[in-house]
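> Next come a sequence and a model predicted from it.
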Amino acid sequence: MSDVFTPEKRSDVMSRIRGRGNRDTELALAKLFRQNRITGWRRHLKIKLDQPRIVVSKSTKQNQRNKPKTRAQLVVHPDFVFLRQRVVIFVDGCFWHGCPKHSNIPVNNRPFWEKKLSGNKTRDRFVNRQLRKNGWKAVRIWEHDIAKRSDACLMRIQRALQTES
């Protein structure tokens with residue numbers, strides 16, 4: 001099935017999709033926090049994580065002698081951050097993060113979308129692993145759960161905030 005929009009119209013429609021400030025996701029969760037008196041959170045706070053050093057083989061060690069040894073940093077942009085408890089919350093969109101219930105890969109340009117969406121899932125797993133290694137707890141919530149299962153979302157978040165890492 002071909003696209004119902006012209007390429008220009010499709011570009012215009014896609015450009016209006018925002019990664020921040022979405023009423024159905026982030027703003028809805030912020031509203032739930034306020035209604036349930038959950039405090040101590042900040043939105044879109046950047047977190048810099050140290051990454052482990054890369055092991056250098058002997059042949060490249062000689063070339064690396066004069067270079068300063070620094071640790072690479074990974075910058076993570078969670079939707080909500082609880083600094084004191086070291087908990088981050090990501091609100092994942094069903095399409096962009098591959099929700100098992102709602103995600104479907106577009107028919108047009110399928111190879112591109114398969115690569116893009118699988119890359120997003122791989123990055124999400126990597127970020128979760130790096131956060132855990134650095135002493136943070138990551139909670140990922142699907143966008144459809146905020147509207148339909150908000151009580152379950154709140155319980156998961158409260159449980160994460162109460163546990164000591």
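Arrived safely.

> so where's the chain shaky on pLDDT?
1-2, 16-24, 52-71, 164-165 (pLDDT under 70).

> buried set for the lengthiest helix in it?
The longest helix of the chain (DSSP state H) is helix 110-133. By neighbour count with 16 or more other Cβ atoms under 10 Å, helix 110-133 contains the buried residues Leu117, Asp124, Val127, Asn128, Gln130, Leu131. Where you see a C-beta, it was placed from the backbone N, CA and C, and this is true even at glycine.

> need the contact list for the fifth one.
Looking back up the chat, that one is Gln130. Residues in contact with Gln130 (Cβ atoms under 8 Å, 6 or more residues apart in numbering) are Leu49, Gln51, Leu74, Val76.

> Nearest to Gly135 among the residues you listed?
Nearest to Gly135 among those: Leu49, at 9.5 Å, using Cβ to Cβ.

> which residues of this protein fall in helices?
So, for the chain - with DSSP H - the helices run 7-15, 26-35, 58-64, 94-97, 110-133, 143-148, 150-162.

> I'd like the distance from the last one to the chain centre, please.
What separates the centre of helix 150-162 from the centre of its chain is 18 Å, taken as Cα atoms, centre = their mean, to the nearest Å.

> How about the longest one?
In terms of Cα atoms, centre = their mean, the centre of helix 110-133 is found 9 Å from the chain centre.

> how about that helix as CSV, C-alpha atoms only?
Only the C-alpha atoms of helix 110-133 are listed here, as CSV (Å, rounded to 0.1, in the frame of the first residue of the first chain):
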residue,chain,number,x,y,z
ARG,A,110,11.0,-1.4,5.3
PRO,A,111,14.8,-2.0,5.5
PHE,A,112,15.4,1.5,6.8
TRP,A,113,12.7,1.2,9.5
GLU,A,114,13.8,-2.3,10.6
LYS,A,115,17.4,-1.0,11.1
LYS,A,116,16.2,2.2,12.8
LEU,A,117,13.8,0.6,15.2
SER,A,118,16.1,-2.3,16.1
GLY,A,119,18.9,0.2,16.7
ASN,A,120,16.6,2.1,19.1
LYS,A,121,15.9,-1.1,21.1
THR,A,122,19.6,-1.9,21.2
ARG,A,123,20.5,1.6,22.4
ASP,A,124,17.8,1.3,25.1
ARG,A,125,19.3,-1.9,26.4
PHE,A,126,22.8,-0.5,26.3
VAL,A,127,21.7,2.7,28.2
ASN,A,128,19.9,0.6,30.9
ARG,A,129,23.0,-1.5,31.4
GLN,A,130,25.3,1.5,31.6
LEU,A,131,23.0,3.2,34.1
ARG,A,132,22.9,0.1,36.3
LYS,A,133,26.7,-0.1,36.2
